[in-house]
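# Take this sequence and fold it.
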Amino acid sequence: QVQLVESGGGLVQAGDSLRLSCAASGSLVTNYFVAWFRRAPEKEREFVAGITRIIRGSYYDDSVKGRFTISSDNAKNTVYLQMNSLKPEDTAVYYCAAGTKLAALSDKDYKFWGRGTQVTVSS
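Presented below is the predicted three-dimensional model:
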């Protein structure tokens, strides 16, 4: 069983940065593909970025490439999402998820989920 707890969300202005954290019980990145998803108001949950140690790879949705960076601190069992140059359209609840399917883009492929952290970007 893996428990995930997100933190770091908040209210920022366009162009600002935030760093989200996903703290996990158990061996997170070693054993799972870990991803960040987000759900904007009246929209479906969508893949943002993912990371795995299995092939030392990271993956991003095109909408965040060049602005967001996913990383992990295995000693702290924590995955981060550094978000730079934030835009109002990045406003959403951000969720951390863990699963066994490499580079999965569908939320149906993830077994463990955190409760989410709100990110609001004002224009």
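# can you pull up the bridge partners for the most centrally placed residue in the chain?
Nearest to the geometric centre of the chain sits W36, at 2.2 Å (Cα atoms, centre = their mean). Applying DSSP bridges to W36 gives these bridge partners: A49, C96.
# and the nearest residue to Y32 once chain neighbours are set aside, how far is that from T52?
In this structure, Y32 finds its nearest non-sequential neighbour in A98, 4.1 Å apart by Cβ to Cβ, 6 or more residues apart in numbering. Every C-beta, even on glycine, is put in place using the N, C-alpha and C of the backbone. Separation of A98 from T52 (Cβ to Cβ, to the nearest Å): 10 Å.
# what touches both of the two?
Common contacts of A98 and T52 (Cβ atoms under 8 Å, 6 or more residues apart in numbering): 32-34.
# top of the residues you listed by neighbour count?
Highest neighbour count within the shared contacts of A98 and T52, by other Cβ atoms under 10 Å: V34, with 27 neighbours.
# how far out from the middle of the chain is the one helix or strand it maps to?
Mapping V34 onto the secondary structure by DSSP states H and E places it in strand 33-39. Remark: strand 33-39 is offset 4 Å from the chain centroid, using Cα atoms, centre = their mean, to the nearest Å.
# Can you name every helix or strand that it contacts?
strand 18-24, strand 46-52, strand 78-83, strand 92-99 (3 or more Cβ pairs under 8 Å, 6 or more residues apart in numbering; DSSP states H and E).
# go with 10 Å
Packing partners of strand 33-39 (3 or more Cβ pairs under 10 Å, 6 or more residues apart in numbering; DSSP states H and E): strand 18-24, strand 46-52, strand 57-60, strand 68-73, strand 78-83, strand 92-99.
# Which other helices and strands does the first one contact?
The reference is to strand 18-24. strand 4-7, strand 10-13, strand 33-39, strand 68-73, strand 78-83, strand 92-99, strand 117-122.
# and those strands as CSV, adding distance to K108 and mean pLDDT?
Converted to CSV, those look like this (distance: least, Cβ to Cβ, whole Å; pLDDT from 0 to 100):
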stretch, distance to K108, mean pLDDT
strand 4-7, 17, 96
strand 10-13, 29, 98
strand 33-39, 11, 95
strand 68-73, 20, 94
strand 78-83, 20, 96
strand 92-99, 9, 96
strand 117-122, 22, 98
